[in-house]
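# Starting from these lines, generate the structure:
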Amino acid sequence: MNEAMNLIELQRKLVAAARSVEPSDRVPFAFEKRIMALIAARTTVDKWAVWAKALWRAAALCVVLMLALSAWAFFKPASDPAPTTDLSQQFDTTMLAAVDQDSGDFSW
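Have a look, this model is predicted:
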């Protein structure tokens, strides 16, 4: 809080010192307009646009990767012509493994 008070007091002193000095004729004609034009011409970096551009590039890369892997999976020769068990049966067995176990101890 004390530092903020010092900054406010410093700002007051600087403004008072600037007001006590009379304007000079050495400043070039339309100097402030040129400075304001330079400030307006400066472009600021839009961080959201940078993120959006990077994410679109990543999305395009993911689509290309997905298409390449899909083509590889589709055209890859099958190593096992006929699977012995159905995927749905394996899924049911895996999901219901904990239910099928009967430990007899129900004191959680």
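
# From here on, just use CA atoms for contacts and neighbour counts.
Noted.

# can you give me the helices for this protein?
For the chain, the helices defined by DSSP state H occupy 2-20, 31-41, 47-75, 87-95, 97-100.

# With mean pLDDT and mean neighbour count as added columns, please give those helices in a markdown table.
Output for the helices of the chain, formatted as a markdown table (pLDDT from 0 to 100; neighbours: other CA atoms under 10 Å):
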| stretch | mean pLDDT | mean neighbour count |
| --- | --- | --- |
| helix 2-20 | 80 | 11 |
| helix 31-41 | 84 | 10 |
| helix 47-75 | 93 | 11 |
| helix 87-95 | 82 | 10 |
| helix 97-100 | 72 | 9 |
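
# Now do A59 against A16, distance only.
57 Å (CA to CA, to the nearest Å).

# my bad, should have said A49
Distance from A49 to A16, counting by CA to CA: 43 Å.

# swap in S88?
Plainly put, S88 is 83 Å away from A16 if you go by CA to CA.

# now do A37
28 Å.

# Same question for W51.
45 Å.

# Kindly report the same for V99.
V99 is 82 Å from A16, where distance means CA to CA.

# Repeat that for T94.
T94 is 80 Å from A16, by CA to CA.

# same deal with M36?
Counting by CA to CA, the gap from M36 to A16 is 24 Å.

# T44 now?
In terms of CA to CA, T44 sits 33 Å off from A16.

# try S24
17 Å.

# One more: T43?
Distance from T43 to A16, by CA to CA: 33 Å.

# now swap in R34 and tell me
Counting by CA to CA, the gap from R34 to A16 is 26 Å.

# pLDDT score assigned to T84?
For T84, the pLDDT comes out at 66.

# what's the distance between the residue most central in space within the chain and V45?
Taking CA atoms, centre = their mean, the centroid of the chain lies closest to W51, which sits 5.5 Å from it. Distance of W51 to V45, computed by CA to CA: 11 Å.
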